[in-house]
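structure for this input, please:
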Amino acid sequence: TACYPPWVLGGLHRSYSIDGMTFDVGTFLFRHDYEIFRIFPRLLPLFVEVESQFGVIREDGRLDAYPMSLKGMRTSLGWMRMARCGIEILRGKMRYRDKADVARFSQYYLGETLYSASGLRAYMERLYQVPGDQITRDFSEKRLALVAKYGSLRQVMKKTWRQSVSMRNPLDDIEPKLQKKVLARPPDGFDKVYGSIGETLIQSGAELHLGVRITSIQREGNKFLVRYRAADSAAGSETEEMFDYIFSTIPLEILLRLSGQTVEVTPHYMQLFTLFYSTRGALPVKFNVIHNFMERGAWKRITNFSRYYGRRDGMEYFSVEGTLGEGVEKDQALLAARQDFEAFCQRSEVFPKEVCFLGGAVTPNAYPVLDAASIACSQEMLARIEGFGLFPIGRQGEFDYISSGDVAVKARKAADALLLKLTNHTRH
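Residues are numbered from 1 along each chain as shown. Have a look, this model is predicted:
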């Protein structure tokens, strides 16, 4: 049985259709070996194979590969500063070897100048709205894998040697090679995907309760009594149902309160704002997704959906995302974000100046803030939840900044472990 507050499945995989154009609240692209395709094989034909290139725009207005290419940085910095960067990288292997936070992690691989001049520092601090030395190593290891992979001195030297043997300029090729052929959700949005998942679950014997809100979870021996009512009803009759096991994907503090436990301190989240735009102009051709590596601007990423699904009535359409702190008023935040982005378009030499705002959305609890206090708080909460006998899972359920692909893998493993446990219990 699955109880879900919204009227549709999908979580953060949520699409909005406006005037025949469909947007997502994020950038979601999938590999062909994505775990969800193994669990639900009938989904694969629904997805669209696309070519995708991730890029960045830097302070000087230049576009480059994400997170950077040595060729691009050489153009921005020049040979003298690049030589200095090489010395800083060597020095950083000793100075920042503990990689204790985002700043030290990045400077271990890139050195001080590249970390700042590339725009990576500005991007990371924009995401959480705090200095990089306040964002823990946990975040770095989960979300800065490209920096570690392509900033590894061993890898750079290896590639340099290979290219020098072939008599080519090594700096032209030492850059991230992101997977170009990927899968995008169906043109009509994620509803089609999760509609198919829902049908498969029901056909396999599962029950789905959409549009309900759980009011309490009570432990009764080895079982759990769950009470819930319609999500749009503040009062009214409740439904009671008994469960042997409960997997939860909701924020930790909500789950604790539902189970009757006190919550005095909560971990922090960032909200996500998403603006929906169209334009008769043309966005930069090379990149489908562009990250803001400039010092200015509240937005962090642009996703051009018309590159995947084609123009609509001659217009390109795209989303613009950024983060908001907790407790920010939604309408004012969207207005400020819109004004900020449209001012950027007026200044930019590579983006169209005339863009049409179509709407926006704010997603609460989108990003767990992996600072020391929030991690300590979440670990204490997880211990209490698991002690109560519940199984938290997912980005919000475990307070873990992981991708939807990693969530699917963990969910599959958790389900397999439970089935194995039940099978062994039955045998004995």
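
and the helices in the stretch 51-200 of the chain?
70-95, 102-117, 120-128, 137-143, 145-150, 153-165, 190-203 (DSSP state H, counting those that start in this stretch).

one more: the stretch 201-350 of the chain?
252-258, 306-309, 330-347.

to E199, which of the ones you listed lies closest?
helix 306-309 (23.8 Å; C-beta to C-beta). Just so you know, the C-beta spots here come from the backbone N, C-alpha and C atoms, and that holds for glycine as well.

in that closest one, what's buried?
Using 16 or more other C-beta atoms under 10 Å as the test for burial, helix 306-309 gives S306, R307, Y308, Y309.

put together TSV for those residues, with pLDDT on each row.
Compiled in TSV, the buried residues of helix 306-309 are given as follows (pLDDT from 0 to 100):
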residue	pLDDT
S306	96
R307	95
Y308	96
Y309	97
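
residues near F247, how many?
F247: 16 surrounding residues under other C-beta atoms under 10 Å.

give me phi/psi at the spatially closest residue to it that is not a sequence neighbour?
Nearest-residue entry for F247: F391, 4.6 Å, with adjacent residues in sequence omitted and distances by C-beta to C-beta, 6 or more residues apart in numbering. Backbone torsions of F391, given as degrees, to the nearest 10, read phi -120, psi 100.

A408 reaches L43, doesn't it?
No. A408 is beyond contact range of L43, at 11.3 Å (criterion: C-beta atoms under 8 Å).

among those two, which residue is more densely surrounded?
L43 (22 against 19).

anything in contact with each of A408 and L43?
By C-beta atoms under 8 Å, 6 or more residues apart in numbering, A408 and L43 have these common neighbours: I36.

quick one: low-confidence parts of the stretch 251-400 of the chain?
Nowhere does the stretch 251-400 of the chain drop to pLDDT under 70.

can you give me the strands for it?
For the stretch 251-400 of the chain, the strands defined by DSSP state E, counting those that start in this stretch occupy 269-279, 289-293, 299-304, 316-324, 356-368, 391-392.

which of the ones you listed sits closest to D64?
Closest of the strands of the stretch 251-400 of the chain to D64 is strand 289-293, at 8.1 Å (criterion: C-beta to C-beta).

next, the angle from the closest one to strand 316-324.
Between strand 289-293 and strand 316-324, the angle comes out at 40 degrees (axes from the mean of the first three to the mean of the last three C-alpha atoms, to 10 degrees).

so what's the residue count around the residue lying closest to K330 once chain neighbours are set aside?
Sequence neighbours aside, V362 is the residue nearest to K330 in space, at 4.8 Å (criterion: C-beta to C-beta, 6+ apart). V362 is flanked by 18 other residues according to other C-beta under 10 Å.

just I302 next, same as before
For I302, using other C-beta under 10 Å, the count is 24.

run through the bridge partners of the residue nearest to it when sequence neighbours are not counted.
Distances taken as C-beta to C-beta, 6+ apart place I290 nearest to I302, at 4.6 Å, with adjacent residues excluded. Beta-bridge partners of I290, counted by DSSP bridges, are G55, I302.

pretty sure I290 sits against Q53.
No. The criterion here is C-beta under 8 Å, and I290 misses it with Q53 at 9.6 Å.

more crowded one of the two?
The neighbour count for I290 versus Q53, taken as other C-beta under 10 Å, is higher for I290 (25 against 15).

any idea how far the more buried one lies from T423?
49 Å (C-beta to C-beta, to the nearest Å).

can you check D188 too?
To T423, D188 is 39 Å away according to C-beta to C-beta.

now for L183: which residues touch it?
Contacts for L183 (C-beta under 8 Å, 6+ apart) come out as L29, F30, R31, H32, Y34, L44, F47, V48, E49, V50.
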